[in-house]
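>>> Take this sequence and fold it.
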Amino acid sequence: MKQAWTIPAAAMAAALMWWPGAAVAADAAPAVATPVAAGEKAPAKAVADAKSEEIIRRHCDRLLTLKSFRVEVVQKTKVTAEDAHIDATLTVKLLLRRPQDMTMGIKSAGMNLQIMTRAGGVTTTYFPVEKKYMERPAPASAAELAKDFAEGPLAMLEELLTDKPYESVMEDVDAVTYMGVEEVEGVKCHRLHFKQNTVDCDAWFEDSPDALIRKIVPDMAAEAKKLAARGGAAKELQMEMSFTYGNWELDPKVADPDFVFAPPAGVAKAEPGQEDDNAVHPLTGKPAPGFKLNTLDDKTFDLAEHKGKDVVILDFWATWCGPCRKALPLVAEAAAAFKDKGVVFCAVNEQEMSKEVKKFLEDEKLTLPIVGMDREGNVGKLYQVEGIPQTVVIGRDGNVLRVHVGYDQGLKTAIVKDIEAALAPAAPAAVPTPPAPAAKKMP
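Numbers count the residues shown, from 1 in each chain. Down below sits the predicted model:
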C-alpha cells in the first residue's frame, strides 16, 4: 500500500518528505511488474490472513468492474516539531470513466487546480486563480494516468486508476492482519493492519459487497520514534496523518462534456514560453506584499531592504514538487546571470524543515544564495500561491512585474526577459513645455 508512505508529500505539509528516512518513498519507481533474472530469488510474497485477503481481493475486483466512479479523498496532516507546527488538508475530487476519461479537482492551502483528460484528446490543467489553462497530449489509459501519480502529491490515487489495483495495494507489504469491525463516519467497515517495509498502516474497507476503501491511517507516531532514535529527527517530533475516501458514486451517468474543459470568460490558454501567460495574476502591477523570513543559513531576508535598489526574484517551491525540481535550477541560473546588476534571488521553501531542504540541495548539488523558510505558509498566502512552483519578479519600485505559475521549457527565457525589462532604464519623463510668454501690449 505505497500511497500510505509516499502521499505524505502531498499537501504543502509534506510531512514525511522532511526526513532523510523518507527518501526511499520519494524516489520509488512506479509499480510495474519486472521479470526475475536467472539466479535471482523472487521477492517474498506478502502474507495476508484469509479474511484480509478476501476483503482486499473483493475491493480490487470491484474497482476493475466499474465503468465509472466518483470519490472524494481528503488527506489531513498534523506535524509538531521544535521549529514547525503544521495542520494541513488536501482534498481531491475525482471522476473517472474508463479507459482514460478523468476530471479531478485538487485544493489545499497551497494548491487550487483542475485536471481534465479525454480519450484521444488532451489533458487540460486549469488554474482558476491565474485564469489560465495548459494542455498536453492525453495518456493512453487510466493505467498510464496511474503512473503519473505513482509518487508525489497524488500517490493515493494510483490504486484507483491502475489496471492492477491488487498489486498496487500489496506493494511493499509484508503481512496483513484482520483487526475486526469498526465504523468510519457512520459506515460499518473491516479494519486491516498492513505491516510494511516502509511504515505500517491501518486501512478500513466498507462492509459491503463492494468493499470500498474508506480510510487509511499510517502509523506516524511509530515512525517519528524510529526517526528520532536514529538521529533523523527531533525527539519532540509528532506526526499524524489520515486519508478518508467518501462520497463514492459507482457507475454514475456521465457524458463527454464532463471531461472536456470549456474555458470560462476571461481565461486564456498558456503556451510553453508564452511571455505574458501570467499577466492576469491578481498581484501583477501591484505593490509586492512585504515580509521577513528566516533563511536556511539562520539569517533574515527582509524584502523591504531591497526596495528602490534591487530587482527581486521569489521562487515558491518544495522538495517534493516535481515541477519545482525542474524550475528551481533554471530560475536560479537566470537570476545569477544578473547578480552583479542588482538582482536578488530568494527561493522561498513552502512549509518544509531545514534538514530535508539541506539534504535536497546537497543531493542535487544546488547552491542558492538565499533560501527563505516559509514554515507556516504565510508568505505563500500573501502572494496568493495556489500551486507551485510560482515565480514572482519584483521591480526596483517594489511592484510585481510578473508572476509565473508552473514549469515549462520556456521558463528560463521568460524570466531573463522579465529581468531585462526590470533593469531597463525608465523612459525619461516628458519635460513640460514652458508657457508662452504673455504678449506685450503695443505702446
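>>> which stretches of the stretch 301-443 of the chain have low pLDDT?
Low-confidence segments of the stretch 301-443 of the chain (pLDDT under 70): 426-443.
>>> what are the ranges of the helices in it?
322-336, 354-363, 378-382, 411-423 (DSSP state H, counting those that start in this stretch).
>>> Mean neighbour count added to the ones you listed, as TSV?
For the C-beta atoms, the positions are set from N, CA and C on the backbone; glycine is no exception. What follows is the helices of the stretch 301-443 of the chain, written out as TSV (neighbours: other C-beta atoms under 10 Å):
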stretch	mean neighbour count
helix 322-336	19
helix 354-363	17
helix 378-382	17
helix 411-423	19
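>>> Out of those helices, the one nearest residue 65 is which?
Set against residue 65 and scored by C-beta to C-beta, these come closest in helix 322-336, at 32.3 Å.
>>> between the closest one and helix 411-423, how many degrees?
Interaxial angle of helix 322-336 relative to helix 411-423 (axes from the mean of the first three to the mean of the last three C-alpha atoms, to 10 degrees): 40 degrees.
>>> CA atoms only: put helix 322-336 into CSV for me.
Once non-C-alpha atoms are left out, helix 322-336 reads as follows in CSV (Å, rounded to 0.1, in the frame of the first residue of the first chain):
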residue,chain,number,x,y,z
GLY,A,322,8.5,17.5,-9.4
PRO,A,323,7.9,20.7,-11.5
CYS,A,324,9.7,22.7,-8.7
ARG,A,325,12.8,20.5,-9.0
LYS,A,326,12.9,21.3,-12.7
ALA,A,327,12.1,25.0,-12.4
LEU,A,328,14.3,26.0,-9.4
PRO,A,329,17.7,25.5,-11.0
LEU,A,330,16.6,27.4,-14.1
VAL,A,331,15.2,30.3,-12.2
ALA,A,332,18.4,30.4,-10.1
GLU,A,333,20.6,30.4,-13.3
ALA,A,334,18.5,33.2,-14.8
ALA,A,335,18.9,35.3,-11.7
ALA,A,336,22.6,34.5,-11.2
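>>> what helices or strands is that helix leaning on?
Helices and strands touching helix 322-336, by 3 or more C-beta pairs under 8 Å, 6 or more residues apart in numbering; DSSP states H and E, are strand 311-317, strand 343-350, helix 411-423.
>>> Low-confidence stretches in the stretch 1-150 of the chain?
Using pLDDT under 70, the stretch 1-150 of the chain drops low at 1-46, 81-85, 109-111, 119-120, 142-143, 145-150.
>>> The helices and strands packed on helix 322-336 into a markdown table, with extra columns for distance to residue 300?
Formatted as a markdown table, those follow (distance: least, C-beta to C-beta, whole Å):
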| stretch | distance to residue 300 |
| --- | --- |
| strand 311-317 | 15 |
| strand 343-350 | 11 |
| helix 411-423 | 24 |
